[in-house]
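Colleague: Quick one: sequence plus predicted model below, questions after.
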Amino acid sequence: MIQVEGLTKRYARHVAVNNISFAVEKGDIVGFLGPNGAGKTTTMRVLTCFMPPTEGRATVAGFDVFDQPHEVKKRIGYLPEAPPLYPEMSVEDYLTFVARLKNVPAGEIKQRTGQVMERCAVADVRSKLIAKLSKGYRQRVGLAQAIIHNPDVLILDEPTSGLDPKQINETRELIKSLAGEHTIILSTHILPEVEAVCQKVIIINKGRLVATDSVENLKDRASVGSAIQVQVDTDGQADAVTVHQRLEQVPGVSKVLDRTAHGNRFVFEVESLQGRNARPDVARAVVHAGWNLLELKSSTLSLEEVFLELTGSQPAAALAPVSGVAQ
Amino acid sequence: MRNIWTICRRELYSYFVSPIAWVLLAIFALLSGVFTYIISASFVRASLEGQMSGQSFPMNLNDQVIAPLFSNIAVVGLFLIPLISMRLFAEEKRQGTIELLATSPVHDLEIIIGKWLSAVLMYAALMAVLLADYSFLFIYGNPDWKPVATGFLGALLQGACLLAFGTFISTLTRNQIVAGAIGFALALILWILNWTTSFGNSVSVQVLNYISIVSHMDSFTKGVIDTKDLVYYVSMIFLGLFLTARSLESMRWKA
Ligand SMILES: Nc1ncnc2c1ncn2[C@@H]1O[C@H](COP(=O)(O)OP(=O)(O)O)[C@@H](O)[C@H]1O
Ligand SMILES: [Mg+2]
């Protein structure tokens, strides 16, 4: 559905996107992942025909973005980083305007506008001025304008940025629900977002393509040396060192790290050997020793580590908000 | 065509839901009312004096009220025009809505003409206020209607021409105040140009006179539609809109 070959975009000073190529199949939800300044917005602006590429080609639904922008524009719904809203308009008037702009036939405009307002849960504010809406509502009005002409391809630039956790979840659910009908590319600098929403991921850093893969494969790569967090309460029968040593003896465990200790409660990070799931053995070992197993969970940092490995950047610099709820 | 109207309609919506249209209408109603009053009062005084002194100058409502009124209104319009056109593109750039327009299946030219047309219609709404003022002259006097009609046409053409340049200026910045200020400076220059051209008749003065947008109004206020002026206005409109199109295009390459 989308083909990008050797795409380069040079601004006056520097190269924002450097010779990247990828393809997106019909019906995919693809996460476009990279730290701030990686070139995500720039790539999306080329795909939406907002600006021409400096070098290379991109086609959407078989049409070249440079030679046939009009045909491409007809088939694309785009939500820029800042939703393109007119604050002085009411939600319904705004969507009616966008529908006309996207050549929705006059007879269907009212019906289409009603549908997308229901779909994006903004029907209750239909006659409110956009200026008076909360951030979450604005984002959903932004999504509504992107899908109003039922485009083949949806391009969403950081659709959850600046939202609170509840709004983030709602927006992700909404995007997932759109998946069947549209091919979707969404950009984000938050890893868990890719895991939560996408099937495929395209990782870029400093304008260069780092990896394209399915989210599943990426997770598999990530499970190399995957870690488990264990919380043990010994009721005073053993100290941290004893527990540490016991855990190290569990088959399949490669490494144990002390995390925190509060009285008799100890938290360890346990790394298992490649391809091994050490969790059952760890649990059995703790219980056999007569201690209480308070918590046993796998750390979800894995994909992040893969990302850091791939982009070769320092953890702090690459991804400030790691939790997934931050912007 | 449909796209032009879609764009134009939305612009008019924005003019009239925001205070700008109403403030402009109020200012214009006030100023044109004051001008109408002053000019017609002095006409009445002059004609009374003429009668009392026994001399009978040929007094003519068209020459002595309507023509000067149009000239004055054209100057007022000159300074209100930047207020109409300054937001057209600057505001889209600031809000980021330019990304919606530029990625929708409409041509740049449709966007430009739609926006410019909305500004012209807004300006025509201001001119409509003048109709109220003129209706008094028709009720209490007996002026020739033709110079009034051509005067309106001239004022509209002059407005359309300046608005085309205002639209261009608005593409240069994302700050509508800056766009307004540049438009204002342009209006000032044109106005001064119009002044200086009333001195002398050298070649340079004639050239300036031809460039000056305002001087092309004169024949219209006298009830004459001169093809030369018509061609001038139409080509200036084309130039303004052409510059706008080039500016949008270069913005895409740089942006
Ligand atoms: N209009 C522009 N002019 C010059 N440089 C730009 C412009 N837009 C973005 N850049 C630069 O290009 C790089 C990529 O930016 P962008 O595509 O916005 O990244 P992302 O969306 O991944 O954060 C950044 O270094 C940014 O500073
Ligand atoms: Mg960005």
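Modeller: Structure's in. What do you need? Ligands and ions are numbered 1, 2, ... in the order given.
Colleague: Can you read off the backbone torsions of residue A:84?
Modeller: phi -80, psi 80 (degrees, to the nearest 10).
Colleague: That one reaches residue A:144, doesn't it?
Modeller: No - contact criterion C-beta atoms under 8 Å: residue A:84 and residue A:144 do not qualify, at 12.0 Å. Where you see a C-beta, it was placed from the backbone N, CA and C, and this is true even at glycine.
Colleague: Between those two, which is the more surrounded one?
Modeller: residue A:144 (27 against 24; other C-beta atoms under 10 Å in any protein chain shown).
Colleague: Enumerate every residue touching the more buried one.
Modeller: By C-beta atoms under 8 Å, 6 or more residues apart in numbering or on different chains, the residues touching residue A:144 are A:95, A:116, A:117, A:119, A:120, A:122.
Colleague: how about those in CSV, adding neighbour count, secondary structure and pLDDT?
Modeller: Formatted as CSV, the contacts of residue A:144 follow (neighbours: other C-beta atoms under 10 Å in any protein chain shown; DSSP: H, G, I helix; E, B strand; the rest coil; pLDDT from 0 to 100):
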residue, neighbour count, secondary structure, pLDDT
A:95, 24, helix, 97
A:116, 24, helix, 95
A:117, 21, helix, 96
A:119, 17, helix, 91
A:120, 25, coil, 92
A:122, 24, coil, 94
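Colleague: Of all pairs in those, which one is the farthest apart?
Modeller: The largest distance within the contacts of residue A:144, taken as C-beta to C-beta, falls between A:95 and A:119 and amounts to 11.3 Å.
Colleague: secondary structure element for the closest residue to residue B:64 other than its chain neighbours?
Modeller: Leaving aside its chain neighbours, residue B:64 sits nearest to residue B:43 (5.2 Å; criterion: C-beta to C-beta, 6 or more residues apart in numbering or on different chains). Using DSSP states H and E, residue B:43 falls within helix B:19-52.
Colleague: Which residues outside the very next helix or strand once past that helix are in contact with it?
Modeller: Next along the chain after helix B:19-52, taking DSSP H and E as the criterion, comes helix B:61. Helix B:61 has contacts (C-beta under 8 Å, 6+ apart) with B:43, B:137, B:141, B:142, B:143.
Colleague: Pretty sure residue B:175 sits against residue B:94.
Modeller: Yes - the pair residue B:175 and residue B:94 qualifies as a contact (C-beta under 8 Å) at a distance of 7.0 Å.
Colleague: The strand or helix carrying residue A:77 vs ligand 1: in contact?
Modeller: Remark: residue A:77 resides in strand A:76-79, with elements defined by DSSP H and E. No - using C-beta under 6 Å from any ligand atom, strand A:76-79 stays clear of ligand 1, coming no nearer than 13.3 Å.
Colleague: List the buried residues for that strand?
Modeller: By neighbour count on 16 or more other C-beta atoms under 10 Å in any protein chain shown, the buried set for strand A:76-79 is A:76, A:77, A:78, A:79.
Colleague: does chain B sit close to it?
Modeller: Yes - using C-beta under 8 Å from any C-beta of the partner chain, strand A:76-79 reaches chain B at A:76, A:78.
Colleague: Each with direction, which strands does that strand pair with?
Modeller: strand A:153-157 (parallel) (DSSP bridges).
Colleague: need the contact list for residue A:103.
Modeller: Counting by C-beta under 8 Å, 6+ apart, residue A:103 has contacts A:74, A:149, B:105.
Colleague: Now the buried members of those.
Modeller: By 16+ other C-beta under 10 Å, the contacts of residue A:103 give A:74, A:149, B:105 as buried.
Colleague: any chance of the buried residues of strand A:76-79 in CSV, plus pLDDT?
Modeller: Listed next are the buried residues of strand A:76-79 as CSV, based on pLDDT from 0 to 100:
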residue, pLDDT
A:76, 96
A:77, 96
A:78, 97
A:79, 97
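Colleague: Export those as a markdown table, with columns for distance to residue A:131.
Modeller: Converted to a markdown table, the buried residues of strand A:76-79 look like this (distance: C-beta to C-beta, whole Å):
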| residue | distance to residue A:131 |
| --- | --- |
| A:76 | 27 |
| A:77 | 23 |
| A:78 | 22 |
| A:79 | 19 |
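Colleague: Can you tell me which of those is closest to chain B?
Modeller: Nearest to chain B among those is residue A:78, at 4.9 Å by C-beta to the nearest C-beta.
Colleague: For the closest one, give me its contacts.
Modeller: Residue A:78 makes contact with A:44, A:48, A:50, A:146, A:154, A:155, A:156, A:157, B:99, B:100, B:103, according to C-beta under 8 Å, 6+ apart.
Colleague: Flag the shaky bits of the chain, pLDDT-wise.
Modeller: No chain in the question, so chain A it is. For chain A, the stretches flagged by pLDDT under 70 are A:219-226, A:274-275, A:299-327.
Colleague: meant chain B actually
Modeller: B:54-59, B:196-201, B:255.
Colleague: Could I get the full set of helices for it?
Modeller: Ranges of helices within chain B are B:2-17, B:19-52, B:61, B:67-85, B:87-95, B:98-102, B:108-140, B:145-170, B:176-196, B:203-211, B:218-221, B:227-254, based on DSSP state H.
Colleague: can you check the stretch 101-250 of chain A too?
Modeller: Under the criterion DSSP state H, counting those that start in this stretch, the stretch 101-250 of chain A carries helices at the ranges A:109-119, A:135-147, A:165-178, A:191-197, A:215-222, A:240-248.
Colleague: which residues touch residue A:171?
Modeller: A:136, A:139, A:140, A:143, A:159, A:160, A:163.
Colleague: ok, so of those, who is nearest residue B:82?
Modeller: residue A:139 (34.8 Å).
Colleague: follow-up on the earlier one: can you redo the buried ones among the contacts of residue A:103 as TSV with distance to ligand 2?
Modeller: Output for the buried ones among the contacts of residue A:103, formatted as TSV (distance: C-beta to the ion, whole Å):
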residue	distance to ligand 2
A:74	25
A:149	24
B:105	24
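Colleague: just to revisit the earlier point, need the max-distance pair from the buried residues of strand A:76-79.
Modeller: A:76 and A:79, at 10.6 Å, using C-beta to C-beta across these.
Colleague: joint contacts of those two?
Modeller: Here residue A:76 and residue A:79 share the contacting residues A:154, A:155, scored by C-beta under 8 Å, 6+ apart.
Colleague: neighbours around residue 216, how many?
Modeller: Assuming you mean chain A. Residue A:216: 10 neighbours (other C-beta under 10 Å).
Colleague: that's the wrong chain, I meant chain B
Modeller: So residue B:216, with other C-beta under 10 Å, has 25 neighbours.
Colleague: residue contacts, it?
Modeller: B:154, B:158, B:229, B:232, B:233.
Colleague: which non-adjacent residue is nearest residue 136?
Modeller: Went with chain A since none was named. In space, residue A:136 is closest to residue A:167, 3.8 Å off (C-beta to C-beta, 6+ apart).
Colleague: that's the wrong chain, I meant chain B
Modeller: With C-beta to C-beta, 6+ apart, the residue lying closest to residue B:136 is residue B:36, at 7.4 Å.
Colleague: Tell me which residues touch that neighbour, please.
Modeller: Applying C-beta under 8 Å, 6+ apart, the residues contacting residue B:36 are B:69, B:133, B:134, B:136, B:137.
Colleague: and the gap between it and residue B:173?
Modeller: 36 Å (C-beta to C-beta, to the nearest Å).
Colleague: do residue B:106 as well
Modeller: 23 Å.
Colleague: try residue A:268
Modeller: Residue A:268 is 60 Å from residue B:173, by C-beta to C-beta.
Colleague: Mind checking which of those two has more residues around it?
Modeller: residue A:268 (22 against 18).
Colleague: hang on, that one is in a helix, isn't it?
Modeller: No - counting by DSSP: H, G, I helix; E, B strand; the rest coil, residue A:268 falls outside a helix, being strand.
Colleague: what about residue A:86, neighbour count?
Modeller: Neighbour tally, residue A:86, other C-beta under 10 Å: 22.
Colleague: what's the answer for residue B:68, then?
Modeller: 16.
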